[in-house]
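Q: Next comes the sequence, and after it the predicted model I'd like to discuss.
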Amino acid sequence: MEMFDELSPDVARDLRRAMRKRNRKELTKPNKSTVTDNLTDTFPPLGTDWKILPILASILLTITILATVFSYIILDFHDVYVYPIIVETGQILGIESYYDERSNYLYYHRHDFTYYFRTCESREIFASDQSDLIWDETNKPLYTDFSELMQLHGAGMIPDLLSPNMTSELRGSVLRMNANEPTHKMFDLKEKGNRWSLRLNPLDLTNDPHRSVQRALKEIAAHPVFRTTLEQLLGDDPAIVEIAAITSDPGAPGQDWHSDTWGDAASVTLGRRHSSMYSLFLYLQDTDASMGPTGFCPGTHMCTDSMEDCPCFFATPKAGTGVILNSQIVHQGSENTAYLKEDGTRVMFIVTFASRPRPGTEHRQLPLGSVYGIPWYMWGHNLYELDNMMDVHWNWKHALGIQKAGKHWGINYLLGAIAAHSENAKNEIEPQPEWFLDRPVWEEFQEIALEWLVVAIAAFVAVWVLHALLMLTVAYTKRCDWELVDHNIRALGGMVKPVFSINLFVTLLITGSYYGFTQTQWAQDVKSGERFHSIPFHPYVELDTSPEWYAEKVVQPRGIDILYSERLDAYYTFRNTYFYDFHPGNWFFRGLLAEVAETYRNAPRETQLNFIETDVMTRLNSERRFLVQDHYGHWVTMETEGVDIPGLIRDELMGVLYPVVRMLGKEIDFIRSQCKYADGGRGYGAMAGPKTALSKYHIPALVENLREQFTKESWRAEKAKATKQNSANAWSSGRRLIRLDVKMMTGSKVTNHRSAIIKEDGLFRAAFLKGRREDFEAWF
């Protein structure tokens, strides 16, 4: 103890006490085996597995905490990200309020209407049988291309779209899948007796070991007419929204006449809110009238109300023929009465496409009314991916929008489920395939999670307290070493720390992952309203509350009227931007213009205006009105708006004589739409906001000046061409060529002027409107 002699008495005393206390603890401290043996020996009811109850309580607590956190996250996700999309689509939120929801949807989105609720009449239909729809040598000279036939009739037929061997092989695979697939992969059909509908899985190698579906899809996607037409109607690389097969056996009843989408929630009336959609119906056998062929009514894709004696017919094509239908066209599957045929089963292979998402420039969604028959894990893919689908494995990450399957994003499962939910709710399908979209489901889940969380916390506390009390009881009754009991209780309590650490870590991981999702561009765009929103058209005006002078000038359009509207002036509507050309009155008008165009061109310039007033307008007769959709969405006559109708006809004649001028005029319309609504333009670089003076005044004035120059220079160029007898060169290489004096203008000053041959081609269009001078001059 000499070591303490040099220290002060107080310090030495404290050191001695500390050393004695440490030595006493080391002598009484048990090891783990001592703790376990003591608990087991001194209290047999605990047994050798005395930790099981605390572990089970910990697991229950962890599960309930995670379920509660998940319920709060999913409700926030629904409110912030799902519900805005549901609102923008006019989604039905409950079957019991179906009609109220539809009425509310129409009420709140009246200002978005791009057409009107039209009833089809037989005199407004231009096809009488399937021969008018077949893309063959008879019909090809009548149309610019197959997409024009499709826009006029809403339906078209491509013979030999699929090779005979591939057609036969695909039919066998579909029948095999019908026999082996479970019923939950079927989707709802009208009049289902002896009629099967199947969502096809192209990756199912059990029922399709030879990859017939994959190879058929690849062959379909490679067909030049089909591929080109789809891209003209829906834009490049359209999205796949359905891969299915419908089979009807003898005895299948006829369906009611119906459309696959609702007229009040599709592009026919809301062309800037919903994208167009087209389905390929591929016949997998020679089909006659007894086998229940599909019937359809051409022209009804532009009607939303009932039909009046419209001609409808049933297509009976050869195997391998593809029928492309607009989703709005009225059609039905007829009764199958082929009892006496050796094989009276009719099999249809169906693939449906819609415009793919274009984040930042397009805000349309899928139309409502379709069940979208595709497996959930097949969403997220586009047309181009059919070229190499046997090399790239499609998976759930593509479907959920986590990963691109190809060059462009497809439509993810969430957006597809939202669109499909409305039709399933209307048909009262139980259980709902898209049940997870309903907020009450998650509210109930949250209530259950909270109740179980309370139970789990109580069980967790009870188990630990019970164990501690049992140890104290044993120690008291059996006179155990209290320091040993103290250590055992501390060891028991030491298990609580990792339980809370794990729960905290997992909770932070989940919430952190969700926070990371909220920072993605998609989430930010949805939350800010940039991803899905209405075009800021002027609010709708109720005629009952509007001034009398305004209500009196509003008219109801008719089929014979000639309609004009700026509301489809957006590049992402693609060929639908010419939607009004196929309104019956407009179709007649444009046919008349094509008929008189050469006469007008050859007439002396001083008599041309008189020719328009005395010949063209007389042939239109007074019954046909020129109508325009005003800022409030109503249709009014052009006379009341002060429009120069003869001047309008002259401009339209220029567009007929020189299609490139009409095309450039449409591009100018896109620019004006971008200036007015901050939507519709191609997004070439920075564009001033719609409220700035640049967008309100200067850019529209510039592009209108450019439009005027096109029409003037087209006329001068044509006169010069006639003088020099150069008309033979106007149809070089099968392309329409015109000579234009092109003025590249900055403000009101001419910076360059040259005579040029301009080809009516998309590359010129893109290069010119981008203002990229090097590409522009390369054409000359």
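A: The structure has been received and is ready for your questions.

Q: where does residue 250 fall, phi/psi-wise?
A: Residue 250 has phi and psi values of phi -50, psi 130 when expressed as degrees, to the nearest 10.

Q: Could I get the pLDDT score of the residue lying closest to residue 153 once chain neighbours are set aside?
A: With Cβ to Cβ, 6 or more residues apart in numbering as the measure, residue 298 is the residue that lies nearest to residue 153, at 4.0 Å, once sequence neighbours are left out. Where you see a C-beta, it was placed from the backbone N, CA and C, and this is true even at glycine. Predicted confidence (pLDDT) at residue 298: the value is 93.

Q: quick one: residue 298 and residue 329 touch, right?
A: Yes. In this structure, residue 298 sits in contact with residue 329. The criterion is Cβ atoms under 8 Å, and the distance is 7.4 Å.

Q: quick one, which of those two is more surrounded?
A: For the pair residue 298 and residue 329, the greater number of neighbours falls to residue 298 (28 against 23), based on other Cβ atoms under 10 Å.

Q: What residues does that one make contact with?
A: With contact taken as Cβ atoms under 8 Å, 6 or more residues apart in numbering, residue 298 is in contact with 125, 126, 127, 132, 133, 153, 154, 155, 311, 329.

Q: Okay, it and residue 533: tell me how far apart.
A: Residue 298 sits at a distance of 35 Å from residue 533 (criterion: Cβ to Cβ, to the nearest Å).

Q: got it, and residue 135?
A: Counting by Cβ to Cβ - residue 135 and residue 533 are separated by 38 Å.

Q: Compare these two and say which one has the larger neighbour count.
A: Under the neighbour definition other Cβ under 10 Å, residue 135 and residue 533 were set side by side, and residue 135 has more, 22 against 15.

Q: From residue 229, how far off is that one?
A: Taking Cβ to Cβ as the measure, residue 135 falls 9 Å from residue 229.

Q: cool, residue 648 as well?
A: Distance of residue 648 to residue 229, computed by Cβ to Cβ: 30 Å.

Q: For the residue lying closest to residue 401 once chain neighbours are set aside, list the residues it contacts.
A: By the measure of Cβ to Cβ, 6+ apart, the closest residue to residue 401 outside its immediate chain neighbours is residue 412, 3.4 Å from it. When contacts are counted by Cβ under 8 Å, 6+ apart, residue 412 is found next to 379, 380, 399, 400, 401.

Q: My understanding was that the third one contacts residue 380; is that so?
A: The one in question is residue 399. Yes. Proximity of residue 399 to residue 380 meets the contact threshold set by Cβ under 8 Å, at 4.7 Å.

Q: Could you name every residue contacting both of the two?
A: With contacts taken as Cβ under 8 Å, 6+ apart, the residues that reach both residue 399 and residue 380 are 412, 413.

Q: Which one's more surrounded, those two?
A: Neighbour tally, residue 399 and residue 380, criterion other Cβ under 10 Å: the higher count belongs to residue 380, 28 against 24.

Q: element containing that one?
A: Element membership for residue 380, per DSSP states H and E: none, as it lies in no helix or strand.

Q: And residue 561, how far from residue 708?
A: Residue 561 sits 27 Å away from residue 708, taking Cβ to Cβ as the criterion.

Q: Neighbour count: these two, which is higher?
A: Counted by other Cβ under 10 Å, residue 561 and residue 708 do not tie: residue 561 has more neighbours, with 20 against 11.

Q: what ranges of the stretch 151-300 of the chain fall below the confidence cut-off?
A: With pLDDT under 70 as the threshold, the stretch 151-300 of the chain has low-confidence stretches at 182-193.

Q: which stretches of it form strands?
A: Along the stretch 151-300 of the chain, the stretches classed as strands by DSSP state E, counting those that start in this stretch are 155-158, 195-199, 239-248, 277-283, 294-297.

Q: go on, the stretch 451-600 of the chain?
A: Using DSSP E, counting those that start in this stretch, the strands of the stretch 451-600 of the chain run over residues 554-555, 562-564.

Q: Turn these into JSON lines, columns for distance to residue 612, mean pLDDT and mean neighbour count.
A: What follows is the strands of the stretch 451-600 of the chain, written out as JSON lines (distance: least, Cβ to Cβ, whole Å; pLDDT from 0 to 100; neighbours: other Cβ atoms under 10 Å):
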{"stretch": "strand 554-555", "distance to residue 612": "24", "mean pLDDT": "94", "mean neighbour count": "16"}
{"stretch": "strand 562-564", "distance to residue 612": "14", "mean pLDDT": "96", "mean neighbour count": "20"}
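
Q: how about TSV for those strands, with distance to residue 497 added?
A: Shown next, in TSV, are the strands of the stretch 451-600 of the chain (distance: least, Cβ to Cβ, whole Å):
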stretch	distance to residue 497
strand 554-555	74
strand 562-564	74
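
Q: how about the ones you listed, which one is nearest residue 174?
A: Taking Cβ to Cβ as the criterion, residue 174 comes closest to strand 562-564 out of the strands of the stretch 451-600 of the chain, the separation being 42.9 Å.

Q: helices or strands next to the helix ranked longest in the chain in the packing?
A: Using DSSP state H, we find that the single longest helix of the chain is helix 439-477. Of the remaining helices and strands, those touching helix 439-477 by 3 or more Cβ pairs under 8 Å, 6 or more residues apart in numbering; DSSP states H and E are helix 32-42, helix 52-77, helix 482-494.

Q: repeat that with 10 Å
A: The helices and strands touching helix 439-477, judged by 3 or more Cβ pairs under 10 Å, 6 or more residues apart in numbering; DSSP states H and E, are helix 32-42, helix 52-77, helix 482-494, helix 496-518.

Q: Which one of those has the poorest average confidence?
A: Sorting the helices and strands packed on helix 439-477 by mean pLDDT places helix 32-42 lowest, at a mean of 46.

Q: For stretch 539-558, which outside residues touch it?
A: 107-113, 115-119, 121, 124, 561, 563, 583-585, 623-625, 627, 629-637, 639-641 (Cβ atoms under 10 Å, 6 or more residues apart in numbering).

Q: make it 7 Å
A: 110, 111, 116, 563, 627, 632, 633, 634, 635, 636, 637, 640 (Cβ atoms under 7 Å, 6 or more residues apart in numbering).

Q: Spatially nearest residue to the third one, not counting backbone neighbours?
A: Which is residue 116. If the residues on either side of it in the chain are set aside, residue 116 comes closest to residue 557, at 5.1 Å by Cβ to Cβ, 6+ apart.

Q: Cool, thanks, signing off.
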